[in-house]
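**Student:** Test case, fold it:
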Amino acid sequence: MRDSKIIVFVTLIFLSTFFLWTDYSEARELKWVGCGITKKAFMKELSKAYERKTGIQVIIKGGGATKGIRAVAKGLADMGGTCRHTIDDPQEKGVKLHRVAWDAIVVVVNKDNPVDNITVEQLKGVLTGKIRNWKELGGNDAPIHLYVRKGKISGVGLMAREMIFNNPGQEFYAKAKLMRSSGPLERAISGDKNGIGISGISSAKKRKKLKILKVNGIAPTKENIGSGKYPFYRPLYIVTKDNPSPEVQKFIQFALSNEGQKVISEQGTVNLSEGKALEGK
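**Tutor:** Here you go, the predicted model:
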């Protein structure tokens, strides 16, 4: 009888230790899924800084803004990244968006394209197929090759439609080349002297073979985005459940802290204090 009690006691100690160790191990890692623009804007560096501070690793996987929101909603990721707001869809219920920075939608062309500026009206004409030759924009006599994101609810696709046309259902030129994400779109234009498309500045600025156009004569510099002078600015969010776990809450607190915001700014991204003028606009 005494031996049986000892065995039970030892077993309980072992199981308690095992489960405590398992909980600790699992707490040392968080999974993030989201848009490439948010990842390039700050997420990789912010995660590294958080790991150095806490020892907790953030595993980062892409997939786009929509996937970022919906993976969190389904419980497939601890956090997500998105460059668009949520939409009225059952797959996007039960999540909370934490604004941590600002980005901008930009017009990109090949670096060898002589055009440096485009007006909003000209951009509308290009996106709808009414303008099809570069000479109409002051460029060479050559056909415009328009590249756009596939679908209407991607981070770039939805926000561009809302900001440029004030219409989330706006149709783009039927003969535009459809791209699955911003990365392939940027690479395609990098290799096409007659290409044009829209992307996020946090991603596009890292492509050496791309040129970012001014819009109505205003360049999307960090200062112009933060002040609202450049027109097509948008928030960048970290997505969590409505009631995130304590460890996820700690990461959000770090992202919003002076230390986290400094990391974001150091990547050339407009942080919350630098974009204070944009609040409420």
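
**Student:** Could you list the buried residues of stretch 113-126?
**Tutor:** Asn113, Val115, Ile118, Gln122, Leu123, Gly125, Val126 (16 or more other Cβ atoms under 10 Å). Glycine gets a C-beta too; all of them are placed from N, C-alpha and C.

**Student:** same deal with stretch 244-251?
**Tutor:** Pro244, Val248, Phe251.

**Student:** Give me the subset of those lying in helices.
**Tutor:** Val248, Phe251 (DSSP state H).

**Student:** Please enumerate the helices of the stretch 1-150 of the chain.
**Tutor:** All helices of the stretch 1-150 of the chain, identified by DSSP state H, counting those that start in this stretch, fall at 2-26, 36-38, 44-54, 65-73, 120-128.

**Student:** which residues make contact with stretch 180-196 from outside it?
**Tutor:** 35-37, 62, 64, 107-113, 126, 134, 142-150, 154, 156, 177, 179, 197, 199-200, 203-204, 207, 209-210 (Cβ atoms under 8 Å, 6 or more residues apart in numbering).

**Student:** For Gly200, what are phi and psi?
**Tutor:** Dihedral angles of Gly200 (phi, psi; degrees, to the nearest 10) stand at phi -100, psi 140.

**Student:** Give me the nearest residue to it, chain neighbours excluded.
**Tutor:** If the residues on either side of it in the chain are set aside, Gly200 comes closest to Ile37, at 3.6 Å by Cβ to Cβ, 6 or more residues apart in numbering.

**Student:** Just the buried residues of the contacts of stretch 180-196.
**Tutor:** The neighbour count (16+ other Cβ under 10 Å) marks 35-37, 62, 64, 107-110, 113, 126, 134, 144-149, 154, 156, 177, 179, 197, 199-200, 203-204, 207, 210 as buried among these.

**Student:** how near is Asn194 to Ala160?
**Tutor:** Distance, Asn194 to Ala160, using Cβ to Cβ, to the nearest Å: 20 Å.

**Student:** got it, and Gly68?
**Tutor:** 18 Å.

**Student:** What distance do you get for Asp89 to Ser203?
**Tutor:** From Asp89 over to Ser203 (counting by Cβ to Cβ), the distance is 25 Å.

**Student:** no, scratch that, I was asking about Ser154
**Tutor:** From Ser154 to Ser203 the distance is 13 Å (Cβ to Cβ).
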